[in-house]
Each structure stands twice: as C-alpha cells, then as structure tokens.
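Colleague: Need a 3D model of the following:
(2 chains)
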2 protein chains.
Amino acid sequence: MAQQHLDPTAAPVPAEALAGYLRAQATEFLRALRQHRETGAGTAASEGSAEAARALRRAARRISASLHTFQPVLDPEWSETMRPELAWVSGTLALEHAYAARLEQLLLALHRLSGAAPLPVPARAVGTHPPATPDPAAPADGTPSAARHTTAPGTAPKAPASGATGPAPVHASAADGPPAVTAAGTAPADPAPAAGTAPGRAVAADDGLRGASRRAAATASVAAPARAGTRTAARATGGATAQATRAAGVSAPGAVGAPDRGNLTVGAAKAGALLDRQLTLARTRAHSTALQALGSSRFHGIADKVAVLASEVPLTPAAADTDLRPLAEAARERLVDAVAALPLLTAGSPYNAAALIHGLSPDPSPHPQDAPWHQVRLLLRLHRYAREVLLATTGQAPPADTRLLGAGEALDRHRDASEAAGAAAQAARTPRIAPATAYALGVLHADQRHEVEAARYAFQRCWQKEAIGMP
Amino acid sequence: MAQQHLDPTAAPVPAEALAGYLRAQATEFLRALRQHRETGAGTAASEGSAEAARALRRAARRISASLHTFQPVLDPEWSETMRPELAWVSGTLALEHAYAARLEQLLLALHRLSGAAPLPVPARAVGTHPPATPDPAAPADGTPSAARHTTAPGTAPKAPASGATGPAPVHASAADGPPAVTAAGTAPADPAPAAGTAPGRAVAADDGLRGASRRAAATASVAAPARAGTRTAARATGGATAQATRAAGVSAPGAVGAPDRGNLTVGAAKAGALLDRQLTLARTRAHSTALQALGSSRFHGIADKVAVLASEVPLTPAAADTDLRPLAEAARERLVDAVAALPLLTAGSPYNAAALIHGLSPDPSPHPQDAPWHQVRLLLRLHRYAREVLLATTGQAPPADTRLLGAGEALDRHRDASEAAGAAAQAARTPRIAPATAYALGVLHADQRHEVEAARYAFQRCWQKEAIGMP
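Modeller: As a prediction, the model looks like this:
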C-alpha cells in the first residue's frame, strides 16, 4: 500500500486530515484568485497573472481529485455539485497555456529539424504571457492595468491572412524599441532576455522575413498601430518598431541578426507560420474564454463555495471513524491496474515504431492508442494527490517522490507530444497549402509521434524503478 | 588482432592462402556469369538470373576487397587495373536490386504507417524479378527465354503518366487469369502466393483502384496488350485480366478483395504510386544499364582477366615470405579507428532524435551525418573478407561470426533506410504534387530517418558485444 511504502508503521489517517488538506487548498485557491485579479487578468496578462492562473488550476485540480478519491467521507450532494464545476475551472484555465506551449514545442521542433542552432530561451517563456490583441469580448475590468502590463507589440499583432504573420517588430523592438515597454509582458526589463522570451515569435519572424521582408515591414507599419487600438503605449512602440523595420528595408533579415534563418527551408518556414497563425488564434480564443469564465456568475458561485470550504469541510457523519488509507490505496490500485494494461513490453523496447502506426490513417480523430496513456496520467495524478492528503497529517510538506514525478513528467511529455502531433496533422489539412508546407508538417507530425514513443519508453523506465519500491 | 581472436596460437598465414582464395572467388565469378547467361539475362529475368547476379556481385566484391587489403603481395600494376573494373561490375549490377528493395521498403512502410495489415509476403520477393517491360536498348540474347520467364503482366505494365499506374490486373489475374503464366516470374505456380509476390504493386493497385477503378480498367485494357508487345502469352493474360477488371466495373475494389485498401489515405496511396513510378523507372533504367554492361567489351575484358585469375594469381616475388596476418590486422585497425570516430554514445542512447536533425534542411544532398556510417559499413566488409582469406587456409568454410554479421546487418539497414529516406524526400520535390501526397512523403521520410537512428542503436549494441570479444 502507498502509505506503507511511506511508513509501514503509520497509524490510521483520520478524515480530519482530508478536511485540513481541503481547507488549505481552498485557501490557496482564494489567494491565487486574488493575485490573479490584482496582477491584471484583463486584456493583457503579466508573468504574475499567469503564475496566479497556474496556482488556481493547481488548487482546483487538488480539490476536485480529493473529492473523487475520498468521496465516501464527504457530503455526497455537495461533492457531486462541486467536482464538475472545479473541472470546468481548471479545464478552461488550462487551454490558453496548452496552446502556447504546443506552439512553442512545434516551432522548436521545426528549428531542430532544420538543423538550426537551438534558441537560447527559457523553456516555458511563451506560456507565461497571452497575446495582447485586445479582444472585444473580454471583460473591461482588466483594462486599467493594460497600460502597465502591455506585452511587447512585436509579439502580439498578428496578420492572420498575410502568410507572413508580420512579427518583424519582435527583433526590431528588441534592438530599437523602448526596452521597458517591450519587456512589460515578462518579469525582467532587461532588453536582451526580453527578445528571447518569445521563441515562437522569433521563429515566425524568421519565416516572415525570408521572402517577404518588404511585406512584413508594411504589415508592421499598418497592423501594429491598428491592432494597438486604444493603448497609447503600444501604439508608440508599434510606430517605433514599424519605423525601425521600414528603415531596415530589404536588408531587415541581416539587420535583425537572425542567426539561423538561412537554415529554414521555405516549407519549414511556411509550416511554422501556419502553425503560429492557427495556434495563436486558438490561444487568443482560449484567453478570452478564460476571461469570460472568470467574470461569469458560474465562476463567482464556485468561488463562493470554495470560500465556504476554506473554513468548513462538509464531512459525512460517519467520517470521524473512517480511515482514509483504504481510499487512497484504492486510488493506487486503479493506477496500478491501468498501468498493467499498458503495452509496457513494447514501450520498453527502443525503436519499436509503435507510435507512428496509423500515422497516415485517414481517421482525423486523436490517436486511439494514446488514450490509455492519457488515462494513466490522470490516475497517476489522483494517486499523487491522495498521497499528499495522507502525508498532510505529518504537518510538513510531503516529500517529493522523484520516481512518481519522473513517471508523471514522462506522461506529461507523452500528452504534449500527442497533441502537438495532432496539431501538425490538423494544420496539414488546411486547404490550399503548398506541398512544401505539407511535407514539413508531415515530417513534424512523425517527429512528434516519435516523441510520443520516446515518452512511453521513459515512462516504462521510471515505472520499472517505481515498481521495485512499491510492494 | 583478428586472427588471434580466432586462434591465438595460429601460425603465419602464407600468401598462397590469398592465391587460393582469389582462385576460388574467380571460379565462382565465372560460374555465376555462366548461370546468369543461361537463366535469361535478357528482357525478362527469373529468380535464377537474379540469384546469379547476386553471386556475381558477391565474388566481384570479394576479389576487389582482397586486392585492396593484400595489395603489397600482389602485382601492383595488375591490381591497380583490376580494382576499379570489379567495382564497376558490382556497382552496376547492384543498382537494379537496390531500387527494387528501396521501393519495397517504402511501400511496406507506407502500409505500416497507414495501420494496414502487414502483407503476407516473402521479404525479398519484389527484388527478385525486374520489370518485364521490353526495353528497346536491351540486347536481344535474352528474348528466347522471355516466353518461359514472363513475369505476371499485372506487375509489369506501367502507365507512367496516368497516376493510377494501372496495376489492377494483379488482383484480377490472381482471381481469374491463368495461374501458370501469372506466376511464371516466381518459383511456385500456386495462384494465391502469386498475388502476394508483388506487395509494391498490390499497394499501387489499391491506389489506382481507390478513385479510378474505371480508369484503371481502361488503362489495363489498353496498356497491357500494348506493353506486352511481341509476347503472346503476356498479351493473352493482359486481355483476360482487362476483361475481368472491366466486368468488375466500379465495384472492382470490393470484387478483388483488397483487404486494407480502406486504410490507405489518398495521400499515402498517391505517395505510393509516385514512389512506384519513380523507383520503377530508375529500376528499369538500371536493368538495361546492367544488361548493356554485361554485353559490353569492357565487361568481356574483365571476364577474361578473371578467367586468367582462376588459374594464375599474379603475386609479387617477395610474397612467398610474407605473412598475411599484419595486412588483415591493418584492415581491422582501419575499421576500429573509423568506429571510434562514430558518435556511439549518442547512438546508444535510445530516442536521441539525432538522425532527423537536418530533416528539413534545404540542402538536397545526402545526409552528411550518414557518411561516416556508410564508410564503416565498407570497412567492416573489408575486415570480414580479410578474415575469410585467413580462415581459407583451414580448408573449410569460415565459421560465421554472428556478431560481425549483426553489426554488418545493422549497417546495411542503416544504408537502406538512409537511401529510402532520401528517395521519399526526393519524391516530395516532384513539381505539382498534391499537399496530401507531400504530407505522406514527409511522414515517410521522418519514419525512415528514425529507422536510420534505430539501425545506429542496433549497431552500437552489436559493437559493444563485439568489442568485448576483441582484444
């Protein structure tokens, strides 16, 4: 049993441990929500608000998982109402980050596949600031902070139909724009890292600049002020970058010093631009959906319930005499059973080429072979949170189980690669794309499916170690 | 040292061992040449003639390699003249088989990637019989045997410009055609395996039948007799199959019972048809080039020299006192040095994703990272043949070194996948192909590059075992 693995002599864990855990997570939820509102969840988002959104999701997931695992000791009607609501919150808030991370993963892969030098970027940078494009559907409560938290205009204005995606200013603004404003979307105001915080856009800039530097400059000069709309800071920067780009003219690619642009084929560049367009659009939509959700009465109802939970956990009358350990053990057994059903023998044999089977199947639905792995990922998370509940009785932070973490990371990597491969395949179904673009997307899709296979191999390795430690 | 590894107490190996080995290989060369002429090397080729061509290449490679490794004991002028000539013979004869094998590998991969059921075929079936299309440039000496060795008409008549490649008769003839003639190109006359002996064509048939069964039927009825030319047997079969296809009409795909046609996307089907067209053309050209080469005065000159070699090996005067072992050891050291320069640490780490770097590079030349591996493949072969020379003194067949064989097979697999990936990339550069075709070729290219990576991993595993056994 999981808790025996932790401490074989441990006493029964009372339901009060769960109550304490739920109160703590509810408090964390409310703290994150307050921080999210303070750091500007409106039209622009800062590093702080992204961090707050992550904390909000983290707490929501933990509360929801605990309601599931420890359902017998909780008021059934209450937990039946809460769980789908919390799942809606974490699901809605997760989408924007997921699209940003997917785009980053695909653009980095395109660069790797082109033999280009790896970009000197922090891995998660793109995911931390949403597109600054003002969305008319977004609630207005974030607008006052927009001037403070405007992201670099070079990263924001998109020209969805131009093909060049017009992100030329990202380089130009790094070189010529006011650094403080350019880097407003990211924590440090240092101009050099600011340019590096948007690898996806840098790639797209390369793409756009390849054969269309004139057009990109024109797009920037027109689109940037137009998109900047009511935000004067953004407009000023947009003008400056547009001027800088215009001054650079045809020699813009050289002037902005893109180090590896020459290594991107036309196909890879176009594929990158297409993915950028599609995933940025999805991300922008997810952003405004999340903002709408956070401003909705449904969300306020949830927040109210969580506020009550922070002080009062609705346990059943019989909960006082219940040991939580068998419930946690049941969660662990569900995980173990699901893992046992996985094709681990295949996964443990390198280069089994299993993940790319059906790679050219006409069925556009998600890869059916991935579903059991995604399911194990969720069950692993339930198991991990159940452990946290049991360990919370010790009064100290639960010790990190590196093996569980490793297995979880492998499954995250599996999920990300699976969805990135799907996005590449989806982009390839865009009508009227060039054959070179489609070819690059095919290579990219296969590359990500092999990443899926690699993640399964990594999980299998982690799990074998894990299985030794577990009775 | 290699020979110490075999027998640490072995005495010096005299040059006479090399003379005996060369005489035996020369005799084998002449035997294979005679067999090749007897089994019909003309417009059509049989299993026997393909086997004879392989034996011819094998002997030529061994003689050429021995001239290289043991150069100091051989008449320098003579060996300088012989080596490029023998390389020309084996190189020219290898091409046809290489194109056939490449096509087979790519079509099987397309099927695998489409999640289609694996085809129940002997792995080397396609490679054993060249296209039966009469080539006007081919010498006429094979014509008498054409009636005997006509390959299945369904596998032969190509409609290069139609896109449907017109191979519908391959199924129809299996069901309705005279089995004896249909299966003439393959050893057993059983109709069921006869249909299975051409997996590549079966794929192409699926392709053609998908949306164009009427057109395929029309092509068959027109093209088959036209292509069959002077061969009455082929013409009769062509007519029969055309009729059968016509009778089946639009329901032909169902009627011929293709088991997995539905699983091939349009893109995969078109990619298969494109590769079939391009590689079959290359193979046909290689076939007639080989026939021309075998009929050339240059080849007759080589054959005459090999005939002399079969009885008289031109050793240097000093050869009598020379030990062959240091020369063989030098060959082994060249191999070991070249292997040491390979990135084996990377290759030994599964899913290193190194082989697909530059996968989208705009440079159409062969992958530069593959060259050192190809070089090791050649050096391994030189080492293996040098061992054969030393072991030939024992008077018995050299014992198979399974580890050397395993390493060699991994490098063959590496070479094949590298060239198959190149062929897919090359096909994707065909002008005016559909995006779906290009996408499928991209997936196929990446798949084969991962096969390259898998082969390097396999080599590394073999070599580590090998290194333990070697001092």
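
Colleague: From here on, just use CA atoms for contacts and neighbour counts.
Modeller: Fine.

Colleague: Would you mark the buried spots in the top helix by length along chain A?
Modeller: If you go by DSSP state H, chain A has its longest helix at helix A:76-113. In terms of neighbour count (16 or more other C-alpha atoms under 10 Å in any protein chain shown), helix A:76-113 has its buried residues at A:79, A:82-83, A:85-87, A:89-90, A:92-113.

Colleague: among those, which are in reach of chain B?
Modeller: A:110, A:112, A:113 (C-alpha under 8 Å from any C-alpha of the partner chain).

Colleague: could you dump these to TSV with distance to residue A:57 and pLDDT?
Modeller: What follows is these, written out as TSV (distance: C-alpha to C-alpha, whole Å; pLDDT from 0 to 100):
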residue	distance to residue A:57	pLDDT
A:110	30	94
A:112	32	91
A:113	34	91
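
Colleague: Nearest to chain B among these?
Modeller: The shortest approach to chain B among those belongs to residue A:113, at 4.7 Å (C-alpha to the nearest C-alpha).

Colleague: Now the closest one: closest residue in space, sequence neighbours ignored.
Modeller: What sits nearest to residue A:113 in space, not counting adjacent residues and going by C-alpha to C-alpha, 6 or more residues apart in numbering or on different chains, is residue B:357, at 4.7 Å.

Colleague: where does that neighbour land in three-state SS?
Modeller: Under the three-state scheme (DSSP: H, G, I helix; E, B strand; the rest coil), residue B:357 adopts coil.

Colleague: So it sits against residue A:114, correct?
Modeller: Yes - between residue B:357 and residue A:114 there is a contact at 6.5 Å, judged by C-alpha atoms under 8 Å.

Colleague: which one of those two has more residues nearby?
Modeller: Legend: neighbour count by other C-alpha atoms under 10 Å in any protein chain shown for residue B:357 and residue A:114, higher for residue A:114 (26 against 19).

Colleague: these two touch, right, the more buried one and residue B:359?
Modeller: Yes - between residue A:114 and residue B:359 there is a contact at 6.1 Å, judged by C-alpha under 8 Å.

Colleague: Confirm residue A:465 sits in a helix?
Modeller: Yes - the assignment for residue A:465 (three-state DSSP) places it in a helix.

Colleague: doesn't residue A:403 make contact with it?
Modeller: Yes - shown here, residue A:465 and residue A:403 form a contact pair, counting by C-alpha under 8 Å, at 7.3 Å.

Colleague: where does the stretch 251-400 of chain A dip in pLDDT?
Modeller: A:251-264, A:362-364, A:394-400 (pLDDT under 70).

Colleague: picking up where we left off before, can you report phi and psi for the residue nearest to residue A:113?
Modeller: Torsion angles at residue B:357 (phi, psi; degrees, to the nearest 10) stand at phi -60, psi 140.

Colleague: Could you do residue A:74 as well?
Modeller: Main-chain torsions, residue A:74, degrees, to the nearest 10: phi -110, psi 150.

Colleague: can you list the residues of the stretch 1-150 of chain A near chain B?
Modeller: A:110, A:112, A:113, A:114, A:115, A:116.

Colleague: If you count contacts, what does the longest helix of chain A end up packed against?
Modeller: The contact analysis (3 or more C-alpha pairs under 8 Å, 6 or more residues apart in numbering or on different chains; DSSP states H and E) places helix A:76-113 against helix A:47-69, helix A:199-228, helix A:266-295, helix A:297-309, helix A:402-428, helix A:435-469.

Colleague: Wasn't residue A:353 part of a strand?
Modeller: No - in this structure, residue A:353 is coil, not part of a strand, as judged by three-state DSSP.

Colleague: can you tell me which residues contact it?
Modeller: By C-alpha atoms under 8 Å, 6 or more residues apart in numbering or on different chains, residue A:353 lies in contact with A:450, A:453.

Colleague: how about stretch A:300-318 as PDB, C-alpha atoms only?
Modeller: Taking Å, rounded to 0.1, in the frame of the first residue of the first chain, the C-alpha atoms of stretch A:300-318 are listed here in PDB:
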ATOM      1  CA  HIS A 300     -18.500  33.500  -8.800                       C
ATOM      2  CA  GLY A 301     -20.700  30.700  -7.500                       C
ATOM      3  CA  ILE A 302     -17.800  28.400  -7.400                       C
ATOM      4  CA  ALA A 303     -15.500  30.900  -5.700                       C
ATOM      5  CA  ASP A 304     -18.200  31.400  -3.000                       C
ATOM      6  CA  LYS A 305     -18.400  27.700  -2.400                       C
ATOM      7  CA  VAL A 306     -14.600  27.400  -2.200                       C
ATOM      8  CA  ALA A 307     -14.600  30.300   0.300                       C
ATOM      9  CA  VAL A 308     -17.000  28.300   2.500                       C
ATOM     10  CA  LEU A 309     -14.800  25.200   2.000                       C
ATOM     11  CA  ALA A 310     -11.800  27.200   3.300                       C
ATOM     12  CA  SER A 311     -13.400  27.200   6.800                       C
ATOM     13  CA  GLU A 312     -15.900  24.300   6.800                       C
ATOM     14  CA  VAL A 313     -15.500  20.900   5.100                       C
ATOM     15  CA  PRO A 314     -18.800  19.000   4.700                       C
ATOM     16  CA  LEU A 315     -17.800  15.600   6.000                       C
ATOM     17  CA  THR A 316     -20.400  12.800   6.400                       C
ATOM     18  CA  PRO A 317     -21.400  11.900  10.000                       C
ATOM     19  CA  ALA A 318     -19.600   8.600   9.700                       C
END
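
Colleague: Looking at residue A:465 and residue A:403, which is more packed in?
Modeller: Ranked by neighbour count (other C-alpha under 10 Å), residue A:465 and residue A:403 place residue A:403 first, with 18 against 14.

Colleague: so that one touches residue A:462, yeah?
Modeller: Yes - contact criterion C-alpha under 8 Å: residue A:403 and residue A:462 qualify, at 6.2 Å.

Colleague: Indicate the residue of the stretch 201-350 of chain A located nearest to chain B.
Modeller: When distances are taken as C-alpha to the nearest C-alpha, the stretch 201-350 of chain A reaches nearest to chain B at residue A:265, 4.9 Å away.

Colleague: So chain A: which segments form each domain?
Modeller: Per automatic domain parsing, the structural domains of chain A span A:174-248, A:324-471.

Colleague: Quick check, pLDDT for the nearest residue to residue A:366 once chain neighbours are set aside.
Modeller: Once flanking residues are discounted, residue A:366 sits nearest to residue A:422: 6.9 Å by C-alpha to C-alpha, 6+ apart. Residue A:422 is assigned 93 on the pLDDT scale.

Colleague: Could you check how far residue A:422 is from chain B?
Modeller: Counting by C-alpha to the nearest C-alpha, to the nearest Å, the gap from residue A:422 to chain B is 13 Å.

Colleague: So that residue sits against residue A:360, correct?
Modeller: No - counting by C-alpha under 8 Å, residue A:422 stays clear of residue A:360, with 11.6 Å between them.

Colleague: more crowded one of those two?
Modeller: Taking other C-alpha under 10 Å, residue A:422 and residue A:360 do not tie; residue A:360 has more neighbours (30 against 20).

Colleague: What score does the nearest residue to that one once chain neighbours are set aside have for pLDDT?
Modeller: Leaving aside its sequence neighbours, residue A:360 sits nearest to residue B:114 (C-alpha to C-alpha, 6+ apart; 4.6 Å). Per-residue pLDDT puts residue B:114 at 86.

Colleague: and the gap between residue B:114 and residue A:354?
Modeller: Counting by C-alpha to C-alpha, to the nearest Å, the separation of residue B:114 from residue A:354 is 12 Å.

Colleague: Where does pLDDT dip in the stretch 51-200 of chain A?
Modeller: In the stretch 51-200 of chain A, residues with pLDDT under 70: A:116-200.

Colleague: quick one: the closest residue to residue A:320 other than its chain neighbours from chain B, how far?
Modeller: Nearest non-adjacent residue to residue A:320, counting by C-alpha to C-alpha, 6+ apart: residue A:15, 6.0 Å away. With distances taken as C-alpha to the nearest C-alpha, residue A:15 is found 45 Å from chain B.

Colleague: same check, this time on residue A:22
Modeller: Residue A:22 is 41 Å from chain B, by C-alpha to the nearest C-alpha.
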